[in-house]
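Asker: build me a structure from this.
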Amino acid sequence: MDRLDLAFKVAVEARENAYAPYSGFKVGAALSVKGIDKIYPGCNVENASYGGTMCAERTAIFSAVAENGKVPFEFCIVVTDTEYATPPCALCLQVFSEFCPSDFPIYLGTLKGIQKKVLLKELLPIPFNKIP
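Answerer: Below you'll find the model as predicted:
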């Protein structure tokens, strides 16, 4: 099994653990870090206060950073149970932009498989970044 297939499997499994009693919209994510064998899973976790809700992509990012510090990410996979693959929200894209180059690959999938590869810069062409 190659790394992309493994990450897809991890994202699908993480999606099953999502806590989404308000939206009913479960999302799974998997983040690959360069030079590290582990694939970091993420799922969305909702909260009655809504602002306390955490998306699957950020859950995976924060988990990888908590364990390794700021490390280079290789790719992310986002999986939903929809007809068409769903991209990350703008908040998640902004967090990606803090840690990833503009050509960072994000794979969008459904339970049937990966549907599309997009680059961060295609989804967030003008990120909010600190001035160099």
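Asker: distance check, Lys112 against Met54.
Answerer: Lys112 is 26 Å from Met54, where distance means CB to CB, to the nearest Å. From N, CA and C alone the C-beta is placed, and that goes for glycine too.
Asker: neighbour count winner among the two?
Answerer: Taking other CB atoms under 10 Å, Lys112 and Met54 do not tie; Met54 has more neighbours (17 against 10).
Asker: what's the more buried one sitting at in phi/psi?
Answerer: Reported as degrees, to the nearest 10, the phi and psi values for Met54 are phi -120, psi 130.
Asker: please, where are all the strands along the protein?
Answerer: According to DSSP state E, the chain carries its strands in the segments 27-33, 39-43, 73-80, 105-110, 113-119.
Asker: got a markdown table for those, with distance to Val65 and mean pLDDT too?
Answerer: Below are the strands of the chain laid out as a markdown table (distance: least, CB to CB, whole Å; pLDDT from 0 to 100):
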| stretch | distance to Val65 | mean pLDDT |
| --- | --- | --- |
| strand 27-33 | 10 | 98 |
| strand 39-43 | 9 | 98 |
| strand 73-80 | 10 | 98 |
| strand 105-110 | 17 | 98 |
| strand 113-119 | 21 | 98 |
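Asker: will you turn the ones you listed into CSV that also has distance to Lys9?
Answerer: Formatted as CSV, the strands of the chain follow (distance: least, CB to CB, whole Å):
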stretch, distance to Lys9
strand 27-33, 8
strand 39-43, 9
strand 73-80, 10
strand 105-110, 11
strand 113-119, 11
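Asker: please work out which of those is packed deepest.
Answerer: For these, the largest average neighbour count (mean count of other CB atoms under 10 Å) is found in strand 27-33, namely a mean of 27.
Asker: contacting residues around it?
Answerer: Here strand 27-33 makes contact (CB atoms under 8 Å, 6 or more residues apart in numbering) with 3, 7-8, 10-16, 18, 20, 39-44, 55-57, 59-61, 63-64, 68, 71-80, 86.
Asker: got the angle for that strand vs strand 73-80?
Answerer: Orientation check (axes from the mean of the first three to the mean of the last three CA atoms, to 10 degrees): strand 27-33 against strand 73-80 gives 170 degrees.
Asker: so what are the sheet partners of strand 27-33 and their directions?
Answerer: According to DSSP bridges, strand 27-33 forms sheet pairs with strand 39-43 (antiparallel), strand 73-80 (antiparallel).
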